[in-house]
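Novice: Give me the fold of what follows.
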Amino acid sequence: MKKLAILICFLLLMLIITACGTQKSADTPNSESTTEIIESNTPSIAESSNSPENPSESGTATTPESSAAGTLPGDQKTTSPPEPSFRSTDPPASKTPSSLRTTSTPSSATPATSSPPSDPPKPTESAAPVYTQKDYDDIISAVRAYAENQPNLKFIWDPGIKMDEFHGYHGTPCLNQLGKDGVITELKYHVDLTVDNLTGGNGGVPSTTVDYNIIWYEQNNQIFFVLLYG
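Specialist: Coordinates of the predicted model:
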């Protein structure tokens, strides 16, 4: 019984709700027809904005009629959709990061040029040695020691012997050309020739002693030595 009573109450409640909804729909005029009537009698917003009677302050103006007609039962308002704004915007220029930019800069470096080789330094002529009296005495002392030690012929020193037709000699070596040692070697050779001549080696009369002298003289800025014997 309880279930039946609950079911009956539920059905009555549904009938009451349905009846109320039907009455409300009958009392409420069709919103779509009302909207069409109002739109036909109401000038558009664009026309009202272009009318000289309506000053344009912000681009669009509303009249009392339009504002009144805009309010409909059921809080439905008719507003014209906003005009789309067409803005032509160029696509942003592609920017390449400065780190990726490749710029070709002309090379300012000039090719290396080899400088011509400099002339080799010319060998400097060595200054001619300057001989002194000590050098002359060294030459004479060395040759005398060699001559007076000969076993086959005794050389007797005679400083009075001069270079004349009575005394012989074998040559005149030049100190400037041969140098100090060269002159000593040449005069020793003259001692050997004198030994050969006076001991019969060259077919002459054999002798056991010989007087000799060694002198030097200057001629044409050169020094000459000579071994005299006889």
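Novice: What count of nearby residues applies to Leu228?
Specialist: 21 (other C-beta atoms under 10 Å). C-beta here means a position set from N, CA and C on the backbone, and glycine is covered the same way.
Novice: and it, that one's in a strand?
Specialist: Yes: checked against DSSP: H, G, I helix; E, B strand; the rest coil, Leu228 lies within a strand.
Novice: separation between Glu148 and Gly182?
Specialist: 22 Å (C-beta to C-beta, to the nearest Å).
Novice: no wait, Lys154
Specialist: For Lys154 relative to Gly182 (C-beta to C-beta), the value is 27 Å.
Novice: and what of Gly200?
Specialist: Applying C-beta to C-beta to Gly200 and Gly182 gives a distance of 30 Å.
Novice: Over to His167?
Specialist: Going from His167 to Gly182 by C-beta to C-beta gives 24 Å.
Novice: Return the longest strand seen in the chain as CSV; C-alpha atoms alone will do.
Specialist: In the chain, with assignment by DSSP state E, the single longest strand is strand 209-219. Extracted as CSV, the C-alpha positions of strand 209-219 are listed here (Å, rounded to 0.1, in the frame of the first residue of the first chain):
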residue,chain,number,x,y,z
THR,A,209,186.0,25.3,-42.8
VAL,A,210,184.0,28.3,-44.3
ASP,A,211,183.5,31.8,-43.2
TYR,A,212,179.9,33.0,-43.5
ASN,A,213,177.5,35.8,-42.6
ILE,A,214,173.7,36.4,-42.8
ILE,A,215,172.5,39.8,-43.7
TRP,A,216,169.2,41.4,-44.6
TYR,A,217,168.4,44.5,-46.7
GLU,A,218,165.3,46.4,-47.8
GLN,A,219,164.3,46.9,-51.4
